[in-house]
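K.L.:
Structure for the following, please:
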Amino acid sequence: MPDSTTHSTPNPDTIVTSGVETQFYTWDGHRCAYEVHQPDHGNQQDSGTPIVTLHPIGVGLCRRFWDRLTLEWRDRGYRNPLYHPDLLGNGNSALPCLPYTPQDWAAQISHFIQTQIGQPVILLVQGASFPIAIELAKANPDLIAAIVLSGPPSWGVMTQPANETQQNLSWKLFFNTFLGDWFYRYARTERFLTSFSVKQLFDSSEDVDREWLSTLRTHSRDMNTRYAVFAFLAGFWRRDYSDDLSHLQPPVLAIFGEQASSISKRGKTDPAAKRMADYLAHIPRAQGQIIPGRNVLPYESTAEFVSVMTDFLQRHDLLAASL
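P.N.:
Reported below is the predicted structural model:
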């Protein structure tokens, strides 16, 4: 386990674009994008269980969220291939006007795993994308070997459903309206992105760097990216998952930042220790760890996150190290 007193962040000058070709597949008539990072050497058949990432939903967020983790993974010589898909409505995937739900995205990723990978995978999940993993594991348990969670929502958020009427009204308020158009244009500004990132996402304001802001602005230029964001803000991902979580079959690692926080009022003041205790008490095969950082741990505390994640995978005989 990493020393809890350290908090290493990669030098932004060393971060480059992925350098791999964007690939595409079709799901439900939509063109969906992904990239794959295979080991640099050796037999790919010996590369171990693939890792599929689920990026967070937000203004300008997409598979680029995982760039720092990808570099750390490669530099340490781990051989598990990394598959980074763009969820529908995000990044380089198609951007249809839909009220996206976790079930929609779970069906997309299930198709992706079955058609592009063809074997069980480890799911690596950021934040409130956890419901996608839950729906995927419930519908296709044989596809999921393990789940690693980065900064999942507090237990209160995961077990209290949103008001369906309010969800639909919120969607209609933002959906294809002048108000929604204006809000999204404002939300794409550097001023808003900086303020939100400092107040809600990062432990240190110094980590809200040019790379982070440039990525968000670049991948929110297309106004059609607003639909996934609005579906998230409307709360279509919110329901009581307590029963599903109590029957979750794969081993789960929940990693929390020392300064973890919530935007939602529900569980907003829960410290990291309570968040972790709630998960360990209710998910049968769960393990937990607290590391430096706040809510975007693979980005702000990359080295610590990878160390904890690989310890977990090694314990479950799922880590393929360098030969």
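
K.L.:
Would you mark the buried spots in the longest helix seen in the chain?
P.N.:
Longest helix in the chain by number of residues (criterion: DSSP state H): helix 302-315. Neighbour counts using 16 or more other Cβ atoms under 10 Å place 302-310, 312-313 of helix 302-315 among the buried residues. Bear in mind the C-beta positions are built from the backbone N, C-alpha and C, glycine included.

K.L.:
same check, this time on stretch 82-97
P.N.:
Under the neighbour-count criterion of 16+ other Cβ under 10 Å, stretch 82-97 has 82-95 buried.

K.L.:
a markdown table for the residues you listed, including pLDDT?
P.N.:
As requested, these are exported to a markdown table (pLDDT from 0 to 100):
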| residue | pLDDT |
| --- | --- |
| 82 | 98 |
| 83 | 98 |
| 84 | 98 |
| 85 | 98 |
| 86 | 98 |
| 87 | 98 |
| 88 | 98 |
| 89 | 98 |
| 90 | 98 |
| 91 | 98 |
| 92 | 98 |
| 93 | 98 |
| 94 | 98 |
| 95 | 98 |
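
K.L.:
Out of the residues you listed, list just those in strands.
P.N.:
Counting by DSSP state E, the part of the buried residues of stretch 82-97 found in strands is 82-85.

K.L.:
What are the boundaries of the strands in the stretch 201-323 of the chain?
P.N.:
Here the stretch 201-323 of the chain has its strands, by DSSP state E, counting those that start in this stretch, at 252-257, 286-291.

K.L.:
Throw those into a markdown table and include distance to residue 217, mean pLDDT and mean neighbour count, thanks.
P.N.:
Shown next, in a markdown table, are the strands of the stretch 201-323 of the chain (distance: least, Cβ to Cβ, whole Å; pLDDT from 0 to 100; neighbours: other Cβ atoms under 10 Å):
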| stretch | distance to residue 217 | mean pLDDT | mean neighbour count |
| --- | --- | --- | --- |
| strand 252-257 | 24 | 98 | 25 |
| strand 286-291 | 28 | 98 | 20 |
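
K.L.:
Specify which member of the buried residues of helix 302-315 is nearest to residue 32.
P.N.:
residue 309 (25.3 Å; Cβ to Cβ).

K.L.:
how much space between that closest one and residue 174?
P.N.:
From residue 309 over to residue 174 the distance is 35 Å, taken as Cβ to Cβ, to the nearest Å.

K.L.:
Repeat that for residue 122.
P.N.:
34 Å.

K.L.:
Next: residue 197.
P.N.:
Residue 197 sits 21 Å away from residue 174, going by Cβ to Cβ.

K.L.:
now residue 279
P.N.:
Residue 279 is 31 Å from residue 174, by Cβ to Cβ.

K.L.:
Now name the helix or strand holding residue 53.
P.N.:
Here residue 53 sits within strand 51-54, counting by DSSP states H and E.

K.L.:
Which strands and helices lie in contact with that strand?
P.N.:
strand 82-85, helix 102-112, strand 121-126 (3 or more Cβ pairs under 8 Å, 6 or more residues apart in numbering; DSSP states H and E).

K.L.:
what would those look like in a markdown table with distance to residue 296?
P.N.:
Shown next, in a markdown table, are the helices and strands packed on strand 51-54 (distance: least, Cβ to Cβ, whole Å):
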| stretch | distance to residue 296 |
| --- | --- |
| strand 82-85 | 16 |
| helix 102-112 | 19 |
| strand 121-126 | 7 |
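
K.L.:
Can you check which of those gets nearest to residue 253?
P.N.:
Comparison of the helices and strands packed on strand 51-54 against residue 253 by Cβ to Cβ identifies strand 121-126 as nearest, at 9.7 Å.

K.L.:
low-scoring stretches of the protein, by residue?
P.N.:
1-18, 41-46, 264-268, 323 (pLDDT under 70).

K.L.:
and if we set it to 90?
P.N.:
By pLDDT under 90, the low-scoring segments of the chain are 1-19, 39-48, 161-179, 262-270, 321-323.

K.L.:
Geometric centre of it: which residue is closest?
P.N.:
Taking Cα atoms, centre = their mean as the criterion, residue 126 is the residue nearest the geometric centre of the chain, at 2.5 Å.

K.L.:
Which residues are in contact with that one?
P.N.:
By Cβ atoms under 8 Å, 6 or more residues apart in numbering, the contact set of residue 126 is 53-56, 65, 150-151, 296, 298.
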